[in-house]
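Trainee: need coordinates for the below:
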Amino acid sequence: KGRGRQVIAVARTADVVIMMLDATKGDVQRKLLEKELESVGIRLNRSKPNIYFKPKKGGGLSYNSMVPLTMCSEKLVQLILHEYKIFNAEVLFREDSTPDDFIDVIVGNRVYMPCLYVYNKVDQISIEEVDRLAHEPHSVVISCGMKLNLDYLLERLWEYLALICLYTKKRGERPDFSDAIIMRRGASVEHVCHRIHRTLASQFKYALVWGTSTKFDPQRVGLTHIMEHEDVIQIVKK
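Mentor: Take a look at the predicted model:
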């Protein structure tokens, strides 16, 4: 209602969705919100279907699958494509997908993102119900009023955002643990250089890294080395 669609569309550009739910109300809110997000093309806690699809100018439909399909047949794929007025295309299924997954691939504007279901007011329900909610996938139980489990929520959020924390070190000094650099998981030394200063990568000679991403401490690495959580880096310029 009102500006609902505009508000919900903001979620398409987010990194993670947190759904604040009332533990005393059951799953009614959750199902409603999931349905709303589905309708604007947001798929929660699902990965992109592994289907190769390419429309062509001519040559009819070329259909292949690498795995036995239980939910889709060639006839059904043809019918779906005809609905979208596509008569020439290449389709390759690399996993057993549903017809809905195939439609998502054709439409192509779907967003796949992680979602964390946060159940609030757990101090007002029975311990059995709290236990059931806590064991649901992608769920965290908290109580804002009594400040219960909020630190665990932060931990899970950090995990879902796929962020890592890096520390810098100057030559001959101890690492600076008071000021961290926050990067995405999978960031390389080059990304770290750009984050510190845009001209640093062009003056880069080598870096020394301490932490879990190295075979020994310190290891001398180049720009392509992938950093891990809580690594310490010292950059040496030309």
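Trainee: can you name every helix or strand that the lowest-mean-pLDDT helix or strand in the chain contacts?
Mentor: Counting by mean pLDDT, DSSP states H and E, the chain has its least confident helix or strand at helix 4-10, which shows a mean of 76. In terms of contacts (3 or more C-beta pairs under 8 Å, 6 or more residues apart in numbering; DSSP states H and E), helix 4-10 is packed against helix 28-39. Using the backbone N, CA and C atoms, a C-beta is placed for each residue, glycine as well.
Trainee: I'd like the distance between the residue lying farthest from the centre of the chain and Gln234.
Mentor: Relative to the mean C-alpha coordinate of the chain, counting by C-alpha atoms, centre = their mean, the farthest residue is Gly172 (38.5 Å). Computed with C-beta to C-beta, to the nearest Å, the distance linking Gly172 and Gln234 is 10 Å.
Trainee: what does Leu92 give?
Mentor: 47 Å.
Trainee: which of those two has more neighbours?
Mentor: Neighbour tally, Leu92 and Gln234, criterion other C-beta atoms under 10 Å: the higher count belongs to Gln234, 18 against 14.
Trainee: list the contacts of the strand or helix carrying that one.
Mentor: For Gln234, the element it lies in under DSSP states H and E is strand 232-237. Applying C-beta atoms under 8 Å, 6 or more residues apart in numbering, the set of residues contacting strand 232-237 from outside is 166-171, 175, 189, 192-193, 196, 200, 203-211, 218, 227.
Trainee: try stretch 169-189
Mentor: Taking contacts as C-beta under 8 Å, 6+ apart, the residues outside stretch 169-189 that touch it are 162-168, 191-192, 195-196, 204, 207-210, 221-227, 229, 232-236.
Trainee: which residue sits closest to Asp104 in space, ignoring its chain neighbours?
Mentor: Once flanking residues are discounted, Asp104 sits nearest to Arg110: 4.6 Å by C-beta to C-beta, 6 or more residues apart in numbering.
Trainee: list the contacts of that neighbour.
Mentor: With contacts taken as C-beta under 8 Å, 6+ apart, Arg110 has the following neighbours: Gly41, Ile42, Arg43, Lys48, Asp104.
Trainee: can you tell me which of the residues you listed end up in strands?
Mentor: Secondary structure assignment by DSSP state E places Ile42, Arg43 of the contacts of Arg110 in strands.
Trainee: need the contacts of Arg110 in a markdown table (columns: distance to Glu83 and pLDDT).
Mentor: Formatted as a markdown table, these follow (distance: C-beta to C-beta, whole Å; pLDDT from 0 to 100):
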| residue | distance to Glu83 | pLDDT |
| --- | --- | --- |
| Gly41 | 17 | 86 |
| Ile42 | 22 | 89 |
| Arg43 | 20 | 90 |
| Lys48 | 21 | 90 |
| Asp104 | 14 | 90 |
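Trainee: what about the closest residue to Pro137 other than its chain neighbours, how many neighbours?
Mentor: By the measure of C-beta to C-beta, 6+ apart, the closest residue to Pro137 outside its immediate chain neighbours is Asn45, 7.5 Å from it. Asn45 has 14 neighbours, counted by other C-beta under 10 Å.
Trainee: gap between Asn45 and Cys115?
Mentor: From Asn45 across to Cys115, the span is 5 Å (C-beta to C-beta).
Trainee: quick check: neighbours shared by these two?
Mentor: With contacts defined as C-beta under 8 Å, 6+ apart, the residues adjacent to both Asn45 and Cys115 are His138.
Trainee: quick check: which ranges of the chain have low pLDDT?
Mentor: Within the chain, the stretches with pLDDT under 70 are 1-2.
Trainee: which stretches in the protein count as helices?
Mentor: 4-10, 28-39, 74-83, 99-107, 127-134, 150-161, 189-196 (DSSP state H).
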